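**Student:** Need a 3D model of the sequence below.
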Amino acid sequence: MDTAAFKAFIPDFDERVAKANKLKPIAEELGVTLAELALAWCVTNENVSTVLIGARNLAQFEQNLKALPVVDKITPEIKAKIDALVPIAPSAHWEPASRRGKFL
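**Tutor:** Next up, the predicted model:
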């Protein structure tokens, strides 16, 4: 796959791919795909309010649904392994409307 277009819009594309590749052993340990691990992690993450899938066809949709049984495999130990490889610091991207209102 030609990644030039991705790199044009995502400056740290190679770094992100490297991080994703570090998660492969965890997925293999659980006997799941990297995509299934990612979706299951999102479902179990308290900082994620909604999980949107990007299925374009029925086969992709069915593949995404395979992540649901994986949710039970995301133990605190697995979360710790993932967090050690890909630390996530949640942050608000927008100020709450109540704070912005003081400038109106």
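**Student:** Give me the residues contacting stretch 19-36.
**Tutor:** Residues outside stretch 19-36 that contact it (CB atoms under 8 Å, 6 or more residues apart in numbering) are 37-38, 40, 63-64, 66-67, 70, 73, 78, 81-82, 85-86. C-betas here are computed from N, CA, C, even on glycine.
**Student:** Next step: those restricted to helices.
**Tutor:** 37, 38, 40, 63, 64, 78, 81, 82, 85 (DSSP state H).
**Student:** and residue 90, how far is that from residue 65?
**Tutor:** To residue 65, residue 90 is 26 Å away according to CB to CB, to the nearest Å.
**Student:** Neighbour count: those two, which is higher?
**Tutor:** residue 65 (13 against 8; other CB atoms under 10 Å).
**Student:** Near the nearest residue to residue 78 once chain neighbours are set aside, how many other residues are there?
**Tutor:** In this structure, residue 78 finds its nearest non-sequential neighbour in residue 26, 6.6 Å apart by CB to CB, 6 or more residues apart in numbering. Look at residue 26: counted by other CB under 10 Å, it has 17 neighbours.
**Student:** Reduced to three states, what does residue 26 come out as?
**Tutor:** Secondary structure for residue 26, judged by DSSP: H, G, I helix; E, B strand; the rest coil, is helix.
**Student:** ok, now residue 50?
**Tutor:** Per three-state DSSP, the local secondary structure of residue 50 is coil.
**Student:** centroid residue for this structure?
**Tutor:** Central residue of the chain (CA atoms, centre = their mean): residue 38, 4.7 Å from the mean position.
**Student:** Identify the residues contacting that residue.
**Tutor:** 23, 67.
**Student:** give me the low-pLDDT residue ranges for this structure?
**Tutor:** Scanning the chain for pLDDT under 70 picks out 1, 92-104.
**Student:** one more time with 90, if that's ok
**Tutor:** For the chain, the stretches flagged by pLDDT under 90 are 1-13, 16, 46-49, 54, 86-104.
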